[in-house]
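A.B. asks: build me a model from this:
(2 chains)
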Amino acid sequence: DTGVSQDPRHKITKRGQNVTFRCDPISEHNRLYWYRQTLGQGPEFLTYFQNEAQLEKSRLLSDRFSAERPKGSFSTLEIQRTEQGDSAMYLCASSLSSLEQYFGPGTRLTVT
Amino acid sequence: GQNIDQPTEMTATEGAIVQINCTYQTSGFNGLFWYQQHAGEAPTFLSYNVLDGLEEKGRFSSFLSRSKGYSYLLLKELQMKDSASYLCAVRDRGGSQGNLIFGKGTKLSVKP
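C.D. replies: Residues are numbered from 1 along each chain as shown, chains lettered A, B, ... in the order given. The predicted model follows:
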């Protein structure tokens, strides 16, 4: 257990539905990252927050994806109008400034 | 473009030594990380190199040559629990942006 928690751990949804995931980072960590990982691949960067500011978004993050970190603590990742290609493990990581990132257990999304 | 290469799979024997190589071509470089990921679990941090040379941490060592764009992870006295995927990741920018670019991972199988 790294101290980063994610909820839910698993989510099955039908195509076209909206889903929201939550990440609670290690409390003193000011940086929070979202990654997506599919089978046989390494994690792919989606977006990054420093405190409450969203500083970078990958081109992988289409308009259907939105992330927030309203008070600089927990973060949410929402996917609207889910597609089958969104099926993946969504990983959250946190770090203190530019030090190593600690990953949460992930949310596995299955879109049917 | 950004490219990180590592072997897809490796097999080794319990008690032996194994070296997992990683080569990278990225637009910038601000550190190389190795993570271990057991099936169905989140990546866990193993090591970090930002300067050339060898970093040793118990049974694990990591080496970096920035001029060659090359790193390796050395695992000694292999144990069955070391069976996992090993992910090489590069942080391509410093300052306020520290997301990681991951390779696809090397799946290591340790056999008795």
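A.B. asks: show me which residues of chain A sit near chain B.
C.D. replies: For chain A, the residues in contact with chain B (CB under 8 Å from any CB of the partner chain) are A:2, A:4, A:31, A:33, A:35, A:40-45, A:48, A:50, A:55-56, A:91, A:95, A:98, A:100-106. C-betas here are computed from N, CA, C, even on glycine.
A.B. asks: which of the residues you listed fall in strands?
C.D. replies: Judged by DSSP state E, the subset of the residues of chain A next to chain B located in strands is A:31, A:33, A:35, A:44-45, A:48, A:50, A:55-56, A:91, A:95, A:102-103.
A.B. asks: restricted to buried residues, select these in PyMOL.
C.D. replies: Of these, the buried ones go into a single PyMOL selection, burial set by 16 or more other CB atoms under 10 Å in any protein chain shown:
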select buried, chain A and resi 31+33+35+44+45+48+50+56+91+95+102+103
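A.B. asks: for the chain, which element, helix or strand, carries the lowest mean pLDDT?
C.D. replies: Went with chain A since none was named. Lowest by mean pLDDT, DSSP states H and E among the helices and strands of chain A is strand A:53-57, with a mean of 89.
A.B. asks: please refer instead to chain B.
C.D. replies: Bottom-ranked secondary element of chain B by mean pLDDT, DSSP H and E: strand B:100-102, a mean of 90.
A.B. asks: I'd like the next helix or strand past that one.
C.D. replies: For strand B:100-102, the following helix or strand on the C-terminal side (DSSP states H and E) is strand B:106-111.
A.B. asks: in that following strand, what's buried?
C.D. replies: B:Thr106, B:Lys107, B:Leu108, B:Val110.
A.B. asks: got the contact list for the residue of chain B found nearest chain A?
C.D. replies: Going by CB to the nearest CB, chain A is nearest to B:Phe102 of chain B, at 3.1 Å. Listed by CB atoms under 8 Å, 6 or more residues apart in numbering or on different chains, the contact set of B:Phe102 reads A:Tyr35, A:Gly42, A:Pro43, A:Glu44, B:Ile4, B:Tyr35, B:Leu87, B:Cys88, B:Ala89.
A.B. asks: tell me the spacing between the nearest residue to the second one once chain neighbours are set aside and A:Lys11.
C.D. replies: Spelled out, that is A:Gly42. The shortest distance from A:Gly42 to any non-neighbouring residue, by CB to CB, 6 or more residues apart in numbering or on different chains, is to B:Phe102 (3.1 Å). Here B:Phe102 is placed at a distance of 23 Å from A:Lys11 (CB to CB, to the nearest Å).
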